[in-house]
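A.B. asks: Got a sequence here, can you build the structure:
(one chain, ligands or ions: 3)
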Amino acid sequence: MFSTQFVLIFSLFLSLPILFLLAPRIFPSHNPSIPISPSDELDDFVLFRKAIASASASAAHYPSAHSHLTSKSKKLKIAFLFLTNTDLFFAPLWEQFFKSADKNLFNIYVHADPHSNVTKPTGIFFSKFIPDAKRTYRASPTLISATRRLLANAILDDPTNTFFAVLSQYCIPLHSFKYVYNSLISSKSFDLSSPESDPESTQYNIKIQYKSFIEIISKDRRLWKRYVSRGKYAMMPEVPFEKFRAGSQFFVLTRRHALMVIEDRMLWNKFKLPCYREDECFPEEHYFPTLLSMQDPDGCTKYTLTKVNWTGTRNGHPYTYKAAEISPVLIQELRQSNYSSSYLFARKFEPICLNPLMKIADKVIFRD
Ligand SMILES: *[C@@H]1O[C@H](CO)[C@@H](O)[C@H](O)[C@H]1NC(C)=O
Ligand SMILES: *[C@@H]1O[C@H](CO)[C@@H](O)[C@H](O)[C@H]1NC(C)=O
Ligand SMILES: *[C@@H]1O[C@H](CO)[C@@H](O)[C@H](O)[C@H]1NC(C)=O
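C.D. replies: Ligands and ions are numbered 1, 2, ... in the order given. Predicted coordinates:
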């Protein structure tokens, strides 16, 4: 009697460490949903308040960045926001991209995870690392915070930042700076989803209303699983399922929408909640499209300018191009879009693609 009880308890005791060993396989823990600390929240809150205050103060001095009515006389800038947790593999390619650009037409900001020892590249990126970067984890609200921090820094830094393009270390440009700038700032025919004959946009022969280029998807078979990943009623009442949207975390926002994002607290309080199914969470792919589709659906094109190849996707990672696949034909293929004249950026590429990309940079990528 005693011995069977003993054996039972002993074997239970033995199985505990085995369970701990197996746990990571049974419950994947690649993206710890560590709650964001109150001190990090406070830091962000202070930064966002400062950016919002500076934006309303400068609105009076720089009406062009808001109404765009005098876009021909005022230089409007594009803010390029790089979100990374590794070295910027394609820094030399981006360096080449910015080399031909008028320095008054762009700014660069980098949010580098301070825990991943990112090497600052020499050259144009060196002084562009924002000081308040914080740790990021894949598929977690920390990526939303990092993006909002980048937006706030860019708003605060320069009132003429008009478009805000969020990119990763795996993104490459598909065109010259001049092409990207004209497409976003001056072209009236780049966005194929808006009718060219829109009287509002042709009245003064200049673009009046800028739209954000952000993917907003309402029909996706994974949407319900993503919606309930924090609990069936966790998003209620602020975000009913009918308002929940999906999209890419890489987008180009107007200044108005960048401000809208850092002003938001209601949806952030929902999307920052930890998920119990982390493999079905991906808050960074839901927060921005849901927020903008709730607050200003007509101000968004609902498609992205960053090409991604989702065929044969594994673990939520898109296809990653290899060095041998880089060719002028691939660049042409990646540019093809049903929604705009062309995609402007693409991801993802293995770091080793840098050399073959540099070889075709001037002859193919930046020739347009
Ligand atoms: C970063 O560097 C520190 C000190 O050299 C080291 O302790 C740490 O493990 C490194 N972190 C990563 C993610 O490589
Ligand atoms: C997309 O990825 C698949 C592999 O999953 C590849 O076979 C295909 O060539 C890629 N498409 C393009 C346009 O590069
Ligand atoms: C464009 O739309 C067609 C028809 O829906 C589709 O077959 C094709 O894959 C789309 N091309 C791109 C680049 O999205």
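A.B. asks: Tell me where this protein has strands.
C.D. replies: 77-84, 106-112, 161-168, 172-173, 212-215, 252-254, 300-302, 306-308, 345-347 (DSSP state E).
A.B. asks: can you tell which of the ones you listed is closest to ligand 1?
C.D. replies: Of all the strands of the chain, strand 106-112 sits nearest to ligand 1, with 11.7 Å by C-beta to the nearest ligand atom. Where you see a C-beta, it was placed from the backbone N, CA and C, and this is true even at glycine.
A.B. asks: Could I get the CA-only coordinates of the closest one as PDB?
C.D. replies: What follows is strand 106-112, C-alpha atoms only, in PDB (Å, rounded to 0.1, in the frame of the first residue of the first chain):
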ATOM      1  CA  PHE A 106      12.700  63.600 -46.300                       C
ATOM      2  CA  ASN A 107      13.600  62.600 -42.800                       C
ATOM      3  CA  ILE A 108      14.700  59.300 -41.400                       C
ATOM      4  CA  TYR A 109      13.900  57.800 -37.900                       C
ATOM      5  CA  VAL A 110      15.000  54.400 -36.600                       C
ATOM      6  CA  HIS A 111      13.500  52.500 -33.700                       C
ATOM      7  CA  ALA A 112      16.100  49.800 -32.800                       C
END
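A.B. asks: coming back round to it: got the strands of the chain as CSV, with distance to N182, mean neighbour count and mean pLDDT columns?
C.D. replies: Formatted as CSV, the strands of the chain follow (distance: least, C-beta to C-beta, whole Å; neighbours: other C-beta atoms under 10 Å; pLDDT from 0 to 100):
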stretch, distance to N182, mean neighbour count, mean pLDDT
strand 77-84, 11, 25, 98
strand 106-112, 13, 22, 98
strand 161-168, 12, 24, 97
strand 172-173, 14, 24, 98
strand 212-215, 14, 26, 98
strand 252-254, 14, 26, 98
strand 300-302, 17, 21, 96
strand 306-308, 18, 21, 97
strand 345-347, 15, 22, 97
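A.B. asks: Switch those over to TSV; also include distance to ligand 1.
C.D. replies: Formatted as TSV, those follow (distance: least, C-beta to the nearest ligand atom, whole Å):
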stretch	distance to ligand 1
strand 77-84	13
strand 106-112	12
strand 161-168	18
strand 172-173	25
strand 212-215	31
strand 252-254	30
strand 300-302	36
strand 306-308	26
strand 345-347	22
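A.B. asks: Tell me how far the residue in the chain that ligand 1 sits nearest to lies from R335.
C.D. replies: Ligand 1 sits closest to N117 of the chain, with a gap of 3.8 Å, by C-beta to the nearest ligand atom. Distance of N117 to R335, given as C-beta to C-beta, to the nearest Å: 35 Å.
A.B. asks: Who has more neighbours out of the two?
C.D. replies: It is R335, of N117 and R335, that has more neighbours when counted by other C-beta atoms under 10 Å, with 18 against 9.
A.B. asks: Just confirm that one contacts Y179, I think it does.
C.D. replies: No. In this structure, R335 is not within contact of Y179 by C-beta atoms under 8 Å, at 10.2 Å.
A.B. asks: quick one: common contacting residues for the two?
C.D. replies: Contact criterion C-beta atoms under 8 Å, 6 or more residues apart in numbering; residues shared by R335 and Y179: S342.
A.B. asks: Residue of the stretch 1-150 of the chain closest to ligand 2, please.
C.D. replies: Across the stretch 1-150 of the chain, the shortest distance to ligand 2 (C-beta to the nearest ligand atom) belongs to F90, at 17.5 Å.
A.B. asks: How many neighbouring residues does that residue have?
C.D. replies: 26.
A.B. asks: Quick check: nearest residue in space to it, chain neighbours excluded?
C.D. replies: I172 (5.6 Å; C-beta to C-beta, 6 or more residues apart in numbering).
A.B. asks: That neighbour pairs with what?
C.D. replies: According to DSSP bridges, the partner residues bridging I172 are A346.
A.B. asks: L273: what's it in contact with?
C.D. replies: The neighbourhood of L273, defined by C-beta under 8 Å, 6+ apart, consists of 141, 230, 234.
A.B. asks: redo that, cut-off 7 Å
C.D. replies: When contacts are counted by C-beta atoms under 7 Å, 6 or more residues apart in numbering, L273 touches 230, 234.
A.B. asks: Quick check, pLDDT for it.
C.D. replies: pLDDT for L273: 91.
A.B. asks: Next one: it from ligand 3, what distance?
C.D. replies: 34 Å (C-beta to the nearest ligand atom, to the nearest Å).
A.B. asks: Number of residues surrounding L143?
C.D. replies: Quick note: L143 (other C-beta under 10 Å) scores 22 neighbours.
A.B. asks: What separation is there between the closest residue to it other than its chain neighbours and F251?
C.D. replies: Spatial nearest neighbour of L143, excluding adjacent residues (C-beta to C-beta, 6+ apart): E284 at 3.9 Å. Distance, E284 to F251, by C-beta to C-beta: 11 Å.
A.B. asks: Can you tell me the number of residues neighbouring the residue in the stretch 151-300 of the chain that ligand 3 sits nearest to?
C.D. replies: Nearest residue of the stretch 151-300 of the chain to ligand 3, counting by C-beta to the nearest ligand atom: L192, 11.1 Å away. Neighbour count of L192, defined by other C-beta under 10 Å: 14.
A.B. asks: pLDDT value on it, please?
C.D. replies: 93.
A.B. asks: What of S201?
C.D. replies: 50.
A.B. asks: got it, and the one 5 residues further on?
C.D. replies: I206 is assigned a pLDDT of 49 by the prediction.
A.B. asks: again, but for the one 5 residues further on
C.D. replies: Looking at K211, its pLDDT reads 95.
A.B. asks: hey, where'd the helices end up in the stretch 151-300 of the chain?
C.D. replies: Along the stretch 151-300 of the chain, the stretches classed as helices by DSSP state H, counting those that start in this stretch are 177-181, 199-202, 223-227, 255-263, 266-271, 287-295.
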